[in-house]
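[1] Any chance you could fold what I've pasted below:
(2 chains)
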Amino acid sequence: MTLRKYLVILSIVFFGSVGDAFLARGMKHADAIDIQHVTKVFAAVANPFVVLGIVFLLAFMSSYMIALSFADLTYVMPATAISYVVMVLLSIFWLHEHVSPQRWAGVGFIVIGVGVVAGGPSRTEHPPAHVSSSSAREERP
Amino acid sequence: MRTLYTWLCILTTVCAAATGDVLVALAMRRIGDLADFRDRGFHAVIVRGLSSGVLFGGIFFMAIAFFSNLVGLSWADLSVVGPASAALTFVANALAAKFFLKENVDRRRWFATVFVCCGVLLLTRS
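    As a prediction, the model looks like this:
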């Protein structure tokens, strides 16, 4: 993993968590969407916070696709889970939601999970079809 | 009733997100490493991406997950919908990656997945 690749992972965390916070802020201003009038979700797109959320989530999507081009899905998913920690911080300071000690314990679990996967190989190397091998070799970081 | 709708939304989000993730991961693996796209030419990478049906299929399912998540957010807090969808998506993705993408989901990755899931569940249950 090069520095550029770690930056791609970090940009997933940043754009994902900030985008979700913008969406949540925008949707709080919209009326609750009834199951019979689910198409009202498209009207919510007129809200500036929802628009900003969509822009950030497009940037998230681009970073995510770049990350999947050089790392496994089962590496990228836990490695970017730190965005939930950022989301909790945004919930406290920006959306003024209550965060209990139990939630902080949850944050601790996520940080440990991210630390474990980040120290391992990022990609499963599939051997070419003509090479007989019973197990996949892995790139070492 | 609203709780039931919220969990239906979360379930839809998880199924669509896992399908989308697997399809996008498959497409990006075929396209190759984009972090060093300068070596291969930006134009060639864009053309390769735009001609991938699997990639568009993945984006379609991700769009379904996005709108389902958006509906869920209008019924419940971000700190409930976000982590609940994420925890279940982690497990669904790990299984799908093992069986469909043939990724080497070793003990370390399962350990990380379980820890992240536990963390996310603690976030939702409090």
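[2] Where is the longest helix in chain A?
    If each helix of chain A is counted by residues according to DSSP state H, the longest one is helix A:3-29.
[3] That one and chain B, are they touching?
    Yes. Using C-beta under 8 Å from any C-beta of the partner chain, helix A:3-29 reaches chain B at A:4-5, A:8, A:20-21, A:23-24, A:27. Every C-beta, even on glycine, is put in place using the N, C-alpha and C of the backbone.
[4] Please point out which parts of the one helix or strand in chain B whose mean pLDDT sits lowest sit buried.
    Each helix and strand of chain B was given a mean pLDDT (mean pLDDT, DSSP states H and E); the minimum falls on helix B:42-50 at a mean of 72. Using 16 or more other C-beta atoms under 10 Å in any protein chain shown as the test for burial, helix B:42-50 gives B:45, B:48-49.
[5] List the buried residues in stretch B:48-61.
    Result for stretch B:48-61 [16+ other C-beta under 10 Å]: buried residues B:48-49, B:52, B:54-55, B:57-59, B:61.
[6] low pLDDT regions in chain B?
    In the predicted model, chain B carries pLDDT under 70 at residues B:35-42, B:78-79, B:124-126.
[7] Helices of that one, start to end?
    B:2-31, B:42-50, B:53-75, B:78-99, B:107-125.
[8] Give me the helices and strands touching the shortest one, please.
    Of the remaining helices and strands, those touching helix B:42-50 by 3 or more C-beta pairs under 8 Å, 6 or more residues apart in numbering or on different chains; DSSP states H and E are helix B:2-31.
[9] I'd like the distance between residue B:16 and chain A.
    Distance check for residue B:16 against chain A: by C-beta to the nearest C-beta, to the nearest Å, it reads 14 Å.
[10] how many neighbours does that residue have?
    21 (other C-beta atoms under 10 Å in any protein chain shown).
[11] which ones are touching it?
    By C-beta atoms under 8 Å, 6 or more residues apart in numbering or on different chains, the contact set of residue B:16 is B:61-62, B:64-65, B:68.
[12] Filter those down to the buried ones, ChimeraX style.
    Provided next is the ChimeraX selection string for whichever of the contacts of residue B:16 are buried by 16+ other C-beta under 10 Å:
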select /B:61,62,64,65,68
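[13] Chain A: which of the contacts of residue B:16 is nearest?
    Lowest distance from chain A to the contacts of residue B:16 (C-beta to the nearest C-beta) belongs to residue B:62, with 7.3 Å.
[14] Show the contacting residues for the closest one.
    A:61, B:16-17, B:20-21, B:24.
[15] Swap in 10 Å and give it another go.
    Shown in contact with residue B:62 (C-beta atoms under 10 Å, 6 or more residues apart in numbering or on different chains): A:57, A:61, A:64, B:16-17, B:19-21, B:23-24.
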